[in-house]
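Participant: One predicted model, sequence on top.
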Amino acid sequence: MSQTNPEISQSELELNPNLKAKPETLSKIFLRKFMKNKLAVVGAVFLILVIVASTLASFISPYSFDQVNLMHKLHPPSADYWLGTDRYGRDIFTRLLYGGQISLMVAFGSVIGALIIGVSIGALAGYFGGIIDAILMRLVDIVISIPSIFLLITIVTIFKPSISNLIIVFALTSWTSTARLVRGEFLSLRSREFVLASKTIGTKSHRIIFGHILPNAMGPIIVAATLLVGSVILAEAGLSYLGLGIQPPFASWGNMLQDAQNYTVMLTAPWYPIFPGLLILLTVLSFNFVGDGLRDALDPKSIE
């Protein structure tokens, strides 16, 4: 709501309407509230740099991710190899960039799949209620009761580890929190006046769910999706570290750590495990910071 300066008289406003304060648009309000969270801003800048650098890996690095040079194995950081080389003489900086492509692809793909499943189930349960809600929520309880790490290891062991299989596995095991969140939002919104009015004029249920209620529940969903990306990156790194994720020679941040777990390598080339581990840490922290910033910026109850 626009506010006028109390020191400006009514006659001055009539003579010069431009003195009246212009109302802020929703995008400006969102940006202003997000920019107040400095950690969220830093995290967003870091993520943009990581995503852009990973996307342009073939243009940034002069090496291929699988280019072996045994003459330069475990070479320390230098002008030729900015972050050093691994035990096969492959450039670590290059593999981090290409590994970022795979790790982020798995994370974003898994989150999109988890959102599709979780939003659909949560929306149906929250909107219709009754027996549909009871059945779907018992399904959520069953999935939650299964330890996710054991389920991931079992599925990946049965099926050949690949990017597509990992995306499917993470999507099928990461949707439950989204379903519960969306159900709660729908339970709160389905009794609002605009929903009751839509029902009164005979609007179809699917139009009410996806055209009226879901847009009003997007704020919490976006925040949850941002935080889920960091969780999937950690899970993918953990599976790859165990040798059940992305398989060599393809690079991911997790299998780079797995390749560097040799005790001798860690003593003679400490930069090898440090850089991928640090990148995983900073990326996950950045997604969490951005999620916190989005939560504050999208919360209508937050203090201006």
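Facilitator: Cool, the structure landed.
Participant: use CA for all of it now, contacts and neighbours both
Facilitator: OK.
Participant: What residue, apart from its backbone neighbours, is nearest the most centrally placed residue in the chain spatially?
Facilitator: Nearest residue to the geometric centre of the chain (Cα atoms, centre = their mean): Val229, 2.7 Å. The shortest distance from Val229 to any non-neighbouring residue, by Cα to Cα, 6 or more residues apart in numbering, is to Ala107 (5.5 Å).
Participant: Also Tyr241?
Facilitator: Per Cα to Cα, 6+ apart, closest to Tyr241 is Gln258, 4.4 Å.
Participant: Contacts for the helix or strand containing the one you found, please.
Facilitator: Per DSSP states H and E: Gln258 is located in helix 253-259. With contacts defined as Cα atoms under 8 Å, 6 or more residues apart in numbering, helix 253-259 is touched by 96, 99-100, 103, 236-243, 245-248, 273, 276-277, 279-280.
Participant: Put the buried members of these into a PyMOL selection.
Facilitator: To isolate in PyMOL the members of the contacts of helix 253-259 that are buried, counting by 16 or more other Cα atoms under 10 Å, one can use:
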select buried, resi 96+99+100+103+236+237+238+239+240+241+243+245+246+273+276+277+280
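Participant: Quick one: mark the members of the contacts of helix 253-259 that sit in helices.
Facilitator: Judged by DSSP state H, the subset of the contacts of helix 253-259 located in helices is 96, 99-100, 103, 236-241, 273, 276-277, 279-280.
Participant: which of the residues you listed lies closest to Ala134?
Facilitator: Glu236 (32.1 Å; Cα to Cα).
Participant: Phi first, then psi, for Lys160.
Facilitator: phi -60, psi 130 (degrees, to the nearest 10).
Participant: quick revisit: quick check: of the ones in helices among the contacts of helix 253-259, which lies closest to Thr157?
Facilitator: For the ones in helices among the contacts of helix 253-259, the nearest to Thr157 is Leu239 (10.6 Å; Cα to Cα).
Participant: Next up, the contacts around that closest one.
Facilitator: Applying Cα under 8 Å, 6+ apart, the residues near Leu239 are 153, 245, 254.
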